[in-house]
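S.K.: Structure for this input, please:
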Amino acid sequence: MKSAVRVQLSFMMFLEFFIWGAWFVTLGTFVLKNLHASDTEVGVAFLTQSIGAVIAPFIVGIIADRFVSAQIILGIIHLIGAALLWVMSGQTDFATFYPILLWYMVLYMPTLALVNSISFRQMKDPSKEFSFIRVFGTVGWIIAGLLIGWLKWEKSNTLELTFKMAAIASLLLGLFSFTLPKTPPAKKGTQISVREILGLDAIRMLKNRSYLLFFLASVAICIPLAFYYNFTNPFLNEIGMDAAAGKQSMGQMSEFLFMLVMPLFFSRLGVKKMLALGMLAWVIRYTLFANGNVDSNYWMLIVGILLHGICYDFFFVTGQIYTDKVAGEEFKSSAQGFVTLATYGVGMLIGFLISGPIVNAYKTSATAHDWHSIWLIPAGIAAVVLVLFMLFFKDNNK
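M.R.: As a prediction, the model looks like this:
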């Protein structure tokens, strides 16, 4: 790959995830404090991610794969997204904010696949080249969180500025996208198959008992995962952590470091132990959150955040590799689409629906919650999934 193209793709990834990290981490706090909404409405707000994840395959599979070049539709989406983000920053009640957020996520979620597609088409060996491009996305997310913490927008209750910052970055990426390498439709003129778009051709993989158990565990573990995305930032701000969004970016730093050492762990531990360690990390993280505070147990909060690298890389990245191995050549693409639809679509959708009412049920006053009891619930769910997985899963695929 030419150096100029590598720089272009890296900057594209940086902006793609800077935009998301600029407002998504603090969304729960914004909904509660700026829009004066309920805990249940926080869950409803995050639910837009799952709706976007379900619709994304249609946009990518029908439009980008068959009619419009990927870099063109990426640019158009981010220009529209910039306008929606700016409008969102000015909303003062949830009823008007939610429809705009929903439209934005329906548009944004497909861009995650588009930036990957644009990158892969420029590479001779994506297995070796992609990680060095994708890591700039993690850097973008980290810098967005550090900026929010440094500017003290959470403390000053000016989180509407996060949407304006994201809007400016989205405008920049929208314009920059038109200069990216041409990525014409890969399946232009071919017949559209809904089964192929949703990855449903890979459903026959569930006949493999081991993969079926992994698949069910993936859906189930995404339920407690939703608690982390929904309520970690409101939790940390409520208990008085300074620059909470900035501290949360340490989770992405951890993700970056564990990504580098994953090949070493994978070769020594294998699929089952890697997946189990990922699930165990969720149990430990939520237990630490349940008992952590900003005084004597501050370290528990920091360790809980730092566990993100194991939580995400050991389970989700290992799961993607395992899915690729089981699928074989015939179903590689559809299998990844299928498991993504199940986890970020179905699993997290369930988590987003139940997390809000649960948190609301443990409200102790207008602005306070019994976080100890709240965090033990996703810890318990993750623990049950882990035990069942260890008892029944066998990696029979050599």
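S.K.: use CA for all of it now, contacts and neighbours both
M.R.: Will do.
S.K.: So His372 sits against Ala290, correct?
M.R.: Yes: shown here, His372 and Ala290 form a contact pair, counting by C-alpha atoms under 8 Å, at 4.1 Å.
S.K.: Have a look at the two and say which one is more surrounded.
M.R.: More crowded of His372 and Ala290, by other C-alpha atoms under 10 Å: Ala290, with 20 against 16.
S.K.: contacting residues around the spatially most central residue of the chain?
M.R.: Centroid-nearest residue in the chain, with C-alpha atoms, centre = their mean: Tyr344, separated by 7.8 Å. Shown in contact with Tyr344 (C-alpha atoms under 8 Å, 6 or more residues apart in numbering): Gln49, Ser50, Ala53, Cys222.
S.K.: and the first one, how many neighbours?
M.R.: Same thing as Gln49. Neighbour tally, Gln49, other C-alpha under 10 Å: 24.
S.K.: Of the contacts of Tyr344, which belong to helices?
M.R.: Among the contacts of Tyr344, DSSP state H puts Gln49, Ser50, Ala53, Cys222 in helices.
S.K.: Only the buried subset of those, as a ChimeraX command please.
M.R.: Those of those that count as buried under 16 or more other C-alpha atoms under 10 Å are selected in ChimeraX with:
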select :49,50,53,222
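S.K.: ok, the ones in helices among the contacts of Tyr344 vs Phe97, which is closest?
M.R.: Gln49 (14.8 Å; C-alpha to C-alpha).
S.K.: is it true that the closest one touches Tyr104?
M.R.: No: when contacts are counted by C-alpha under 8 Å, Gln49 is not listed as touching Tyr104 (9.5 Å).
S.K.: For Pro185, state which of the contacts of Tyr344 is nearest.
M.R.: For the contacts of Tyr344, the closest approach to Pro185 (C-alpha to C-alpha) belongs to Ala53, at 20.9 Å.
S.K.: OK, contacts around that closest one?
M.R.: Val106, Met109, Pro110, Thr340, Leu341, Tyr344, Gly345.
S.K.: Filter those residues down to the buried ones.
M.R.: Buried members of the contacts of Ala53, counted by 16+ other C-alpha under 10 Å: Val106, Met109, Pro110, Thr340, Leu341, Tyr344, Gly345.
S.K.: Hmm, which of these is lowest in pLDDT?
M.R.: Ranked by pLDDT, the buried ones among the contacts of Ala53 bottom out at Thr340, which has 73.
S.K.: How about it: what's its closest non-neighbour residue?
M.R.: Take Thr340 and drop its neighbours on the chain: the residue closest to it by C-alpha to C-alpha, 6 or more residues apart in numbering is Ala53, 8.0 Å away.
S.K.: where does the protein dip in pLDDT?
M.R.: By pLDDT under 70, the low-scoring segments of the chain are 57-66, 126-127, 186-202, 324, 328-337, 396-398.
S.K.: Which helix in it has the most residues?
M.R.: For the chain, assigning by DSSP H, the longest helix comes out as helix 244-291.
S.K.: hang on, the earlier thing: so can I have TSV of the ones in helices among the contacts of Tyr344 showing distance to Pro185?
M.R.: Listed next are the ones in helices among the contacts of Tyr344 as TSV, based on distance: C-alpha to C-alpha, whole Å:
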residue	distance to Pro185
Gln49	26
Ser50	26
Ala53	21
Cys222	32
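S.K.: What is the nearest of the ones in helices among the contacts of Tyr344 to Ser170?
M.R.: Gln49 (17.5 Å).
S.K.: which ones are touching the closest one?
M.R.: Contacts of Gln49 by C-alpha under 8 Å, 6+ apart are Met105, Val106, Met109, Tyr344, Gly345.
S.K.: Which of those fall in helices?
M.R.: Per DSSP H, the subset of these in helices is Met105, Val106, Met109.
S.K.: Touching, Trp141 and Met253? I think so.
M.R.: No: using C-alpha under 8 Å, Trp141 is not in contact with Met253; the gap is 9.6 Å.
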